[in-house]
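K.L.:
Provided below for reference: sequence and predicted model.
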Amino acid sequence: SQTIHQWPATLVQPVGSPLSLECTVEGTSNPNLYWYRQAAGRGLQLLFYSVGIGQISSEVPQNLSASRPQDRQFILSSKKLLLSDSGFYLCAWTEGPTLNEKLFFGSGTQLSVL
Amino acid sequence: SQQGEEDPQALSIQEGENATMNCSYKTSINNLQWYRQNSGRGLVHLILIRSNEREKHSGRLRVTLDTSKKSSSLLITASRAADTASYFCATDYSNDYKLSFGAGTTVTVRA
(Lines give C-alpha, C1' and ligand atoms only; values in the text may rest on other atoms or scores of the structure.)
Protein backbone atom coordinates (compact mmCIF):
# COMPACT_ATOMS: atom_id res chain seq x y z
CA SER A 1 0.00 0.00 0.00
CA GLN A 2 1.01 3.57 -0.53
CA THR A 3 2.34 5.75 2.27
CA ILE A 4 3.52 9.32 2.48
CA HIS A 5 6.17 10.53 4.89
CA GLN A 6 6.66 14.16 5.80
CA TRP A 7 9.18 15.56 8.26
CA PRO A 8 9.82 17.20 10.59
CA ALA A 9 6.50 17.44 12.42
CA THR A 10 7.41 20.69 14.16
CA LEU A 11 10.01 23.29 13.34
CA VAL A 12 10.94 26.59 14.96
CA GLN A 13 13.26 28.73 12.90
CA PRO A 14 14.61 32.29 13.24
CA VAL A 15 13.86 34.89 10.60
CA GLY A 16 16.47 34.81 7.86
CA SER A 17 17.40 31.17 8.34
CA PRO A 18 17.08 28.57 5.55
CA LEU A 19 14.37 25.94 5.32
CA SER A 20 14.17 22.44 3.96
CA LEU A 21 11.06 20.27 4.33
CA GLU A 22 11.08 16.82 2.81
CA CYS A 23 8.32 14.56 1.65
CA THR A 24 8.56 11.05 0.25
CA VAL A 25 5.93 8.71 -1.12
CA GLU A 26 6.17 4.93 -1.11
CA GLY A 27 4.25 2.29 -2.99
CA THR A 28 3.46 4.20 -6.14
CA SER A 29 5.31 5.50 -9.16
CA ASN A 30 5.11 8.80 -11.01
CA PRO A 31 2.73 10.44 -8.55
CA ASN A 32 1.61 14.05 -8.82
CA LEU A 33 3.09 15.81 -5.78
CA TYR A 34 1.87 18.93 -4.00
CA TRP A 35 2.86 21.37 -1.29
CA TYR A 36 0.06 23.20 0.51
CA ARG A 37 0.16 25.77 3.29
CA GLN A 38 -2.59 26.26 5.85
CA ALA A 39 -2.82 29.39 7.95
CA ALA A 40 -4.47 29.01 11.37
CA GLY A 41 -8.22 28.49 10.96
CA ARG A 42 -8.04 28.79 7.19
CA GLY A 43 -8.25 26.60 4.15
CA LEU A 44 -5.35 25.22 2.18
CA GLN A 45 -3.34 27.29 -0.26
CA LEU A 46 -1.62 25.40 -3.06
CA LEU A 47 2.03 26.45 -3.23
CA PHE A 48 3.63 24.07 -5.72
CA TYR A 49 2.81 20.97 -7.67
CA SER A 50 4.85 18.58 -9.75
CA VAL A 51 3.78 16.07 -12.39
CA GLY A 52 7.26 14.57 -12.86
CA ILE A 53 10.94 14.69 -11.92
CA GLY A 54 12.30 18.20 -12.29
CA GLN A 55 8.87 19.60 -13.26
CA ILE A 56 7.70 22.22 -10.77
CA SER A 57 4.74 24.56 -11.11
CA SER A 58 4.45 27.50 -8.74
CA GLU A 59 1.03 28.80 -7.81
CA VAL A 60 1.91 31.93 -5.90
CA PRO A 61 4.95 34.21 -5.95
CA GLN A 62 6.69 33.93 -2.63
CA ASN A 63 9.81 33.31 -0.66
CA LEU A 64 9.70 29.56 -1.18
CA SER A 65 10.86 27.12 -3.82
CA ALA A 66 10.30 23.44 -4.49
CA SER A 67 12.31 20.68 -6.10
CA ARG A 68 11.69 17.10 -7.13
CA PRO A 69 15.05 15.38 -7.41
CA GLN A 70 13.57 11.88 -7.50
CA ASP A 71 10.26 10.42 -8.63
CA ARG A 72 8.83 10.10 -5.13
CA GLN A 73 10.64 12.91 -3.32
CA PHE A 74 9.40 16.48 -3.02
CA ILE A 75 11.33 19.19 -1.17
CA LEU A 76 10.18 22.62 -0.05
CA SER A 77 12.94 25.15 0.54
CA SER A 78 13.70 28.73 1.40
CA LYS A 79 17.00 30.56 1.50
CA LYS A 80 15.80 33.13 4.05
CA LEU A 81 12.62 32.65 6.06
CA LEU A 82 10.21 35.49 6.71
CA LEU A 83 7.74 35.82 9.59
CA SER A 84 4.95 35.40 7.06
CA ASP A 85 6.24 31.93 6.16
CA SER A 86 4.87 30.57 9.44
CA GLY A 87 2.11 28.04 8.97
CA PHE A 88 1.17 24.42 8.65
CA TYR A 89 2.75 22.84 5.58
CA LEU A 90 1.23 19.78 4.02
CA CYS A 91 2.62 17.51 1.36
CA ALA A 92 0.20 15.46 -0.72
CA TRP A 93 0.08 13.17 -3.72
CA THR A 94 -2.38 11.94 -6.32
CA GLU A 95 -2.25 9.33 -8.99
CA GLY A 96 -2.38 10.69 -12.54
CA PRO A 97 -3.31 11.64 -15.09
CA THR A 98 -5.17 14.75 -13.89
CA LEU A 99 -4.60 16.96 -10.86
CA ASN A 100 -8.12 16.78 -9.46
CA GLU A 101 -8.18 13.23 -8.16
CA LYS A 102 -8.24 12.09 -4.55
CA LEU A 103 -5.44 13.67 -2.52
CA PHE A 104 -3.44 11.71 0.03
CA PHE A 105 -1.90 13.99 2.63
CA GLY A 106 1.11 13.72 4.87
CA SER A 107 0.84 14.51 8.56
CA GLY A 108 2.10 18.07 8.12
CA THR A 109 4.87 20.30 9.46
CA GLN A 110 4.05 23.13 11.83
CA LEU A 111 6.56 25.87 11.04
CA SER A 112 7.01 28.80 13.38
CA VAL A 113 9.30 31.59 12.23
CA LEU A 114 10.37 33.82 15.11
CA SER B 1 -8.20 32.04 -5.50
CA GLN B 2 -10.66 30.23 -3.25
CA GLN B 3 -13.37 28.43 -5.19
CA GLY B 4 -15.45 26.80 -2.48
CA GLU B 5 -16.83 28.23 0.74
CA GLU B 6 -18.26 26.14 3.58
CA ASP B 7 -21.20 27.09 5.72
CA PRO B 8 -21.51 27.25 8.70
CA GLN B 9 -18.03 28.08 9.94
CA ALA B 10 -18.66 26.13 13.12
CA LEU B 11 -21.22 23.60 14.29
CA SER B 12 -21.79 22.08 17.73
CA ILE B 13 -24.08 19.08 18.10
CA GLN B 14 -24.95 16.37 20.59
CA GLU B 15 -23.71 12.84 20.04
CA GLY B 16 -26.25 10.92 18.02
CA GLU B 17 -27.55 13.96 16.16
CA ASN B 18 -26.99 14.61 12.47
CA ALA B 19 -24.58 17.26 11.21
CA THR B 20 -25.07 19.06 7.93
CA MET B 21 -22.65 21.44 6.29
CA ASN B 22 -22.74 23.12 2.92
CA CYS B 23 -20.26 24.16 0.27
CA SER B 24 -20.89 26.77 -2.40
CA TYR B 25 -18.62 27.38 -5.36
CA LYS B 26 -18.35 29.93 -8.12
CA THR B 27 -17.60 28.31 -11.47
CA SER B 28 -18.34 25.02 -13.18
CA ILE B 29 -16.46 22.02 -11.89
CA ASN B 30 -15.40 18.51 -12.86
CA ASN B 31 -15.68 17.13 -9.35
CA LEU B 32 -16.10 18.14 -5.73
CA GLN B 33 -14.45 16.44 -2.77
CA TRP B 34 -14.89 16.46 0.97
CA TYR B 35 -12.03 16.05 3.44
CA ARG B 36 -11.75 15.78 7.22
CA GLN B 37 -8.93 17.21 9.32
CA ASN B 38 -8.35 16.39 12.94
CA SER B 39 -6.57 19.10 14.89
CA GLY B 40 -2.92 19.41 13.90
CA ARG B 41 -3.07 16.55 11.39
CA GLY B 42 -3.19 16.09 7.66
CA LEU B 43 -6.44 15.94 5.73
CA VAL B 44 -8.20 12.67 5.05
CA HIS B 45 -10.29 12.17 1.93
CA LEU B 46 -13.95 11.32 2.57
CA ILE B 47 -15.90 11.40 -0.70
CA LEU B 48 -15.43 12.51 -4.30
CA ILE B 49 -18.55 13.36 -6.30
CA ARG B 50 -18.36 14.08 -10.01
CA SER B 51 -20.29 16.80 -11.78
CA ASN B 52 -22.67 14.28 -13.39
CA GLU B 53 -23.57 12.71 -10.02
CA ARG B 54 -26.19 14.02 -7.63
CA GLU B 55 -25.68 11.96 -4.49
CA LYS B 56 -23.13 9.61 -2.96
CA HIS B 57 -23.00 7.65 0.25
CA SER B 58 -20.16 6.26 2.30
CA GLY B 59 -21.06 4.71 5.63
CA ARG B 60 -22.66 7.46 7.74
CA LEU B 61 -21.76 10.13 5.19
CA ARG B 62 -24.08 11.43 2.50
CA VAL B 63 -22.99 14.00 -0.06
CA THR B 64 -25.25 15.80 -2.51
CA LEU B 65 -24.32 17.98 -5.41
CA ASP B 66 -26.54 20.55 -7.12
CA THR B 67 -24.66 21.97 -10.09
CA SER B 68 -27.51 24.36 -10.96
CA LYS B 69 -27.08 26.03 -7.57
CA LYS B 70 -23.33 25.45 -7.47
CA SER B 71 -23.58 23.88 -4.06
CA SER B 72 -22.93 20.64 -2.19
CA SER B 73 -23.87 19.36 1.22
CA LEU B 74 -22.24 16.84 3.54
CA LEU B 75 -24.45 15.04 6.02
CA ILE B 76 -23.01 13.02 8.89
CA THR B 77 -25.68 10.86 10.47
CA ALA B 78 -25.70 9.60 14.05
CA SER B 79 -22.63 11.63 14.95
CA ARG B 80 -19.98 10.37 17.35
CA ALA B 81 -17.35 12.14 19.42
CA ALA B 82 -14.76 10.88 16.93
CA ASP B 83 -16.44 12.96 14.21
CA THR B 84 -15.15 16.11 15.93
CA ALA B 85 -12.94 17.67 13.26
CA SER B 86 -12.82 20.32 10.56
CA TYR B 87 -14.43 19.45 7.26
CA PHE B 88 -13.33 20.97 3.97
CA CYS B 89 -14.76 20.93 0.51
CA ALA B 90 -12.42 21.06 -2.45
CA THR B 91 -13.38 21.88 -6.00
CA ASP B 92 -11.52 22.08 -9.25
CA TYR B 93 -12.26 24.38 -12.16
CA SER B 94 -13.54 22.65 -15.26
CA ASN B 95 -10.68 23.95 -17.41
CA ASP B 96 -8.02 23.84 -14.70
CA TYR B 97 -7.89 20.66 -12.73
CA LYS B 98 -6.12 21.97 -9.65
CA LEU B 99 -8.12 21.74 -6.44
CA SER B 100 -9.16 24.76 -4.40
CA PHE B 101 -10.11 24.36 -0.73
CA GLY B 102 -12.59 26.31 1.33
CA ALA B 103 -11.91 27.55 4.87
CA GLY B 104 -13.75 24.62 6.41
CA THR B 105 -16.50 23.89 8.91
CA THR B 106 -15.41 23.02 12.43
CA VAL B 107 -17.68 20.36 13.91
CA THR B 108 -17.77 19.64 17.64
CA VAL B 109 -19.69 16.60 18.81
CA ARG B 110 -20.60 16.77 22.51
CA ALA B 111 -20.85 13.55 24.49
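P.N.:
Cool, the structure landed.

K.L.:
any idea how far chain B is from the residue nearest the centre of chain A?
P.N.:
Central residue of chain A (C-alpha atoms, centre = their mean): A:W35, 2.8 Å from the mean position. Relative to chain B, A:W35 is positioned 12 Å away (C-beta to the nearest C-beta, to the nearest Å). To be clear about C-beta, it is placed using only N, CA and C from the backbone, and glycine gets the same treatment.

K.L.:
toward the C-terminus, what is the element adjacent to the helix or strand where that residue lies?
P.N.:
When elements are assigned from DSSP states H and E, A:W35 belongs to strand A:32-38. The helix or strand immediately downstream of strand A:32-38 is strand A:44-52, counting by DSSP H and E.

K.L.:
for that next one, packing partners?
P.N.:
Helices and strands touching strand A:44-52, by 3 or more C-beta pairs under 8 Å, 6 or more residues apart in numbering or on different chains; DSSP states H and E, are strand A:32-38, strand A:55-58, strand A:65-70, strand A:73-78, strand B:96-101.

K.L.:
now those as CSV including distance to A:C23?
P.N.:
Listed next are the helices and strands packed on strand A:44-52 as CSV, based on distance: least, C-beta to C-beta, whole Å:
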stretch, distance to A:C23
strand A:32-38, 7
strand A:55-58, 13
strand A:65-70, 10
strand A:73-78, 5
strand B:96-101, 17
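
K.L.:
closest one to A:T98 among these?
P.N.:
strand B:96-101 (4.6 Å; C-beta to C-beta).

K.L.:
how about residues contacting that closest one?
P.N.:
Strand B:96-101 is contacted from outside by A:36, A:43-44, A:46, A:49, A:59, A:98-100, A:103, B:1-4, B:30, B:33, B:35, B:88-93, using C-beta atoms under 8 Å, 6 or more residues apart in numbering or on different chains.

K.L.:
the closest residue to A:T10 other than its chain neighbours - how many residues pack around it?
P.N.:
Ranked by C-beta to C-beta, 6 or more residues apart in numbering or on different chains and with sequence neighbours excluded, the top spatial neighbour of A:T10 is A:Q110, at 5.0 Å. A total of 15 residues lie near A:Q110 under the criterion other C-beta atoms under 10 Å in any protein chain shown.
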